[in-house]
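My questions are about this predicted structure, shown below with the sequence.
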Amino acid sequence: MLRQAKLCAMLIATLLVGSVASAPAQDAGGSKTPSSAESQFPAHSFKLDYILTEMQAGKKIDSRQYTVDLGGGGSNGRLWQGELQIGTRVPVGTKTDGTAQYLDVGTRITSSIQVRDGGEVLDTYCDVTSVAPDEAKVDGRPILRTLSIRNAVPVVEGKPILLGVADDPNSNREFQLEVAVTNLK
């Protein structure tokens, strides 16, 4: 009986040592193998080159360029976001307490790329606000003009994508917003 107990203990010890040796190894830092979602969408960045073109009677009269870098993507690799804002604070009136009230005037571009249905989709919101000429003031307050374009398009690298075209209702000018996407990996 004692002999059978010793044999059984040796068999159990052999099985335990064998199962420990065949277990997946971790490196000295304790890091784990990335999940399939992490390896499918590794962290990387995108560079978005926007061009806002102003045209009059079919001729280009002005063009502004903006670049937004969308970083990371994180461990889930699902969302990249960025924002750019440039402009001036313009006094537009007085608050009830007598202090000046200001409004931001300029260009604001908010961008995000998200993985949807297995593909990358760029969502852009562009808002351009400007002050009308001095003769267009009402009671000494400036009149503001705005242009807003929002669009979601599939990401196409290396080719300019037209996001929107808008006619200025106060003139015969037209505005076009384009973006070129570069995957920085």
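Sure, I can see it. Numbers count the residues shown, from 1 in each chain.

For the residue lying closest to residue 147 once chain neighbours are set aside, what is the enclosing helix or strand?
Closest residue in space to residue 147, ignoring its immediate chain neighbours: residue 128 at 4.4 Å, by C-beta to C-beta, 6 or more residues apart in numbering. C-beta: built from backbone N, CA, C; applies to glycine. Residue 128 is part of strand 119-131, with elements assigned from DSSP states H and E.

Kindly report the same for residue 69.
Going by DSSP H and E, residue 69 is part of strand 59-70.

Tell me what angle that strand forms with strand 119-131.
Here the directions of strand 59-70 and strand 119-131 differ by 120 degrees (axes from the mean of the first three to the mean of the last three C-alpha atoms, to 10 degrees).

Just give the number of residues close to residue 122.
Residues contacting residue 122 under the criterion other C-beta atoms under 10 Å number 22.

what about residue 183, how many residues close to it?
Neighbour tally, residue 183, other C-beta under 10 Å: 13.

Repeat that for residue 184.
10.

Look up how far residue 163 lies from the residue nearest to it when sequence neighbours are not counted.
Distance criterion C-beta to C-beta, 6+ apart; nearest residue to residue 184, sequence neighbours excluded, is residue 45 at 4.3 Å. Residue 45 sits at a distance of 20 Å from residue 163 (criterion: C-beta to C-beta, to the nearest Å).

got it, and residue 47?
With C-beta to C-beta as the criterion, residue 47 and residue 163 are 16 Å apart.

who has more neighbours, those two?
For the pair residue 47 and residue 163, the greater number of neighbours falls to residue 163 (20 against 14), based on other C-beta under 10 Å.

quick one, what contacts that one?
By C-beta atoms under 8 Å, 6 or more residues apart in numbering, the contact set of residue 163 is 124, 126, 149, 151, 153, 177, 178, 179.

in this structure, which spans are strands?
46-56, 59-70, 79-94, 100-116, 119-131, 144-154, 161-167, 173-183 (DSSP state E).

Pull the distance from the fifth one to the chain's centre.
Pointing back at strand 119-131 there. 10 Å (C-alpha atoms, centre = their mean, to the nearest Å).

That strand vs strand 79-94, what angle?
Strand 119-131 and strand 79-94 are oriented at 10 degrees to each other (the same axes, to 10 degrees).

which residues sit against strand 119-131?
Here strand 119-131 makes contact (C-beta under 8 Å, 6+ apart) with 48, 50, 52, 87, 90, 103-115, 142-155, 161, 163-164, 175, 177, 179, 181.

Same list (the strands of the chain) but as a markdown table, adding mean pLDDT and distance to residue 138.
Below are those laid out as a markdown table (pLDDT from 0 to 100; distance: least, C-beta to C-beta, whole Å):
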| stretch | mean pLDDT | distance to residue 138 |
| --- | --- | --- |
| strand 46-56 | 94 | 25 |
| strand 59-70 | 93 | 26 |
| strand 79-94 | 87 | 11 |
| strand 100-116 | 90 | 14 |
| strand 119-131 | 91 | 12 |
| strand 144-154 | 91 | 11 |
| strand 161-167 | 94 | 24 |
| strand 173-183 | 93 | 22 |
